[in-house]
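*Asks:* For reference, the sequence and a predicted model appear below.
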Amino acid sequence: MIVNETINRYPQVVEISRNDTGEVVYKSGGIPVGSKIENAKLNVDMDKGTYDCTALFYNVDPDTGDYLGCAGAIISITVLE
């Protein structure tokens with residue numbers, strides 16, 4: 001689940017890439033403040049397994065669409081089927 005908490009002032013775009021290849025496996029659209037994504041399909045097919053990834057969270061100017069800042073986190077994605 002990806003949450004853009006109400007304490008944040010900006011919509012967010014989230015991009016997740018594999019640490020071993022750098023391939024972007026997921027990119028969200030703009031997530032409004034106070035909203036969340038509970039389920040999402042990856043942008044690429046991946047074989048069954050667990051992958052070390054990096055999630056980047058970009059704050060987006062709601063008027064221009066420009067990225068204003070970025071934070072990141074190391075995550076794991078597990079593909080079950």
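*Replies:* Thanks, I have it.

*Asks:* name the element the residue most central in space within the chain belongs to?
*Replies:* Geometric centre of the chain, nearest residue: residue 14, 2.7 Å, by C-alpha atoms, centre = their mean. For residue 14, the host element (DSSP states H and E) is strand 12-18.

*Asks:* That strand packs against which elements?
*Replies:* If you count contacts as 3 or more C-beta pairs under 8 Å, 6 or more residues apart in numbering; DSSP states H and E, strand 12-18 packs onto strand 24-27, strand 49-60, strand 67-79. Using the backbone N, CA and C atoms, a C-beta is placed for each residue, glycine as well.

*Asks:* Could you rerun that using 7 Å?
*Replies:* strand 24-27, strand 49-60 (3 or more C-beta pairs under 7 Å, 6 or more residues apart in numbering; DSSP states H and E).

*Asks:* Now do it: everything it contacts.
*Replies:* Contacts with strand 12-18, where a contact means C-beta atoms under 7 Å, 6 or more residues apart in numbering, come from 2, 4, 23-28, 30-31, 51, 53-60.

*Asks:* Give the buried subset of those as a ChimeraX selection command.
*Replies:* ChimeraX command restricting the contacts of strand 12-18 to the buried ones, with burial defined by 16 or more other C-beta atoms under 10 Å:
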select :2,4,25,26,28,31,51,53,55,56,57,58,59,60
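
*Asks:* quick check: angle from the strand holding residue 14 to strand 67-79?
*Replies:* 50 degrees (axes from the mean of the first three to the mean of the last three C-alpha atoms, to 10 degrees).
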